[in-house]
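Asker: with the sequence up front, the predicted model follows.
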Amino acid sequence: MEIYSFKNDYSEGAHPAILQKLVETNLTQTVGYGEDEFCDEARELIKKQLKKEAEIHFVSGGTQANLIVISSILKPYESVIAAETGHIAVHETGAIEATGHKINTIATSDGKISAIQIEKVLKLHTDEHMVKPKMVYISNSTEVGSVYTKAELKSIYNFCQENNLILFADGARLGSALTSSKCDLTLEDMANLCDVFYIGGTKNGAFIGEAIVFNKLDLNENFRFHIKQKGGMLAKGRLIGIQFSELFRNDLFFEIGKHANKMAEKLAKNISNKGFEFLTEPSSNQIFPIFPNELIAKLQHDFEFFVWEKIDEEKSAIRLVTSWATPEEKVEYFIQSI
């Protein structure tokens, strides 16, 4: 039997509706660099969900979105605060540091940070002999699968407003977060409680693409110059515009997130019923069960996944990720294999 991968949510190509639209529009001629009618349509469809005016830009991936946004906003001596598990602090090859900005990391057990923790960082940076924290970076869902509630996000946003900090939310897996049973946020809430965030397409049914959303409009000034300088401006920007138009035309973006979460919930429930614990509470399409190493070795004959963290000499946490394309029968087979 062919090995099935639970390694990530971008193992497959794109949702069939996106493929169909790309074929249908293939010979349509447009202008380039994200100024075509498909990108314009995608922006308007997203704004309908935001229910407010915003500036929206399309880039190809999450690391690119993070480094362009952060480096465009911060002055040379300013830093960004993030969880120690944050993508910018771990899995971006020092991209933010390479633009000249320090990341002030916060220790966290569940991938989330709070206003109290942010305040502690500010109190440690008091004068011009240190970097000046100016931005707070969060991920929703986080790198360990947890999600922010509306109350948690509001608390962080209010603190940022009171302390002249910019709140930037990484939404690589926002589709999963917003459709999680543990999350009461909407896209409208994200627009009202973040200065800037991005909507992830790559991990939610698109081939490639992220939509950067500026809610604090003055941060958008000259942003296209930054996109171009950092190599993020696609001549065939239509490729991303078409995909986001389809994702937001009939709520496909949310349907995809719901399916991925449903498959993850089924995995988590049955794993829990078999007596196993989790590294973090299952909340989205990434779950982290703790298994005996012998069981992990057995499962690796039929499935691919990341061995995430060593717990002790006998047990480790693994990461299982579901997607828009995860078949229920593969989930059931995994459960039967435990």
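Answerer: Okay, I see it.

Asker: and the host helix or strand of residue 265, what's buried?
Answerer: Taking DSSP states H and E as the definition, residue 265 sits inside helix 252-273. By neighbour count, with 16 or more other Cβ atoms under 10 Å as the criterion, the buried positions of helix 252-273 are 252-268, 270-271. Yep, even glycine has a C-beta here, placed from its N, CA and C like the rest.

Asker: that helix: what's the following helix or strand?
Answerer: Per DSSP H and E, the first helix or strand lying C-terminal to helix 252-273 is strand 286-287.

Asker: contacts for that next one?
Answerer: 141, 144-145, 173, 176, 264, 267-268, 271, 278, 319-321 (Cβ atoms under 8 Å, 6 or more residues apart in numbering).

Asker: show the end-to-end separation of stretch 292-310, please.
Answerer: 10 Å (Cα to Cα, to the nearest Å).

Asker: same question, stretch 199-211
Answerer: Stretch 199-211 stretches 5 Å from its first residue to its last (Cα to Cα).

Asker: which residues in the stretch 201-338 of the chain form helices?
Answerer: Chain-ordered helices for the stretch 201-338 of the chain, with DSSP state H, counting those that start in this stretch as the definition, fall at 223-229, 238-249, 252-273, 293-299, 328-337.

Asker: and the last one, what's buried?
Answerer: Buried residues in helix 328-337, counted by 16+ other Cβ under 10 Å: 330-331, 334.

Asker: for this protein, which residue occupies the most central location?
Answerer: Nearest to the mean C-alpha position of the chain, by Cα atoms, centre = their mean, lies residue 172 at 2.0 Å.

Asker: can you classify that one by secondary structure?
Answerer: The three-state label given to residue 172 by DSSP: H, G, I helix; E, B strand; the rest coil is coil.

Asker: domain boundaries for this structure, per the record?
Answerer: Using automatic domain parsing, the domain parsing of the chain gives 4-10+253-337, 16-251.

Asker: CSV please, covering the ones you listed and showing mean pLDDT.
Answerer: Shown next, in CSV, are the domains of the chain (pLDDT from 0 to 100):
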stretch, mean pLDDT
domain 4-10+253-337, 98
domain 16-251, 98
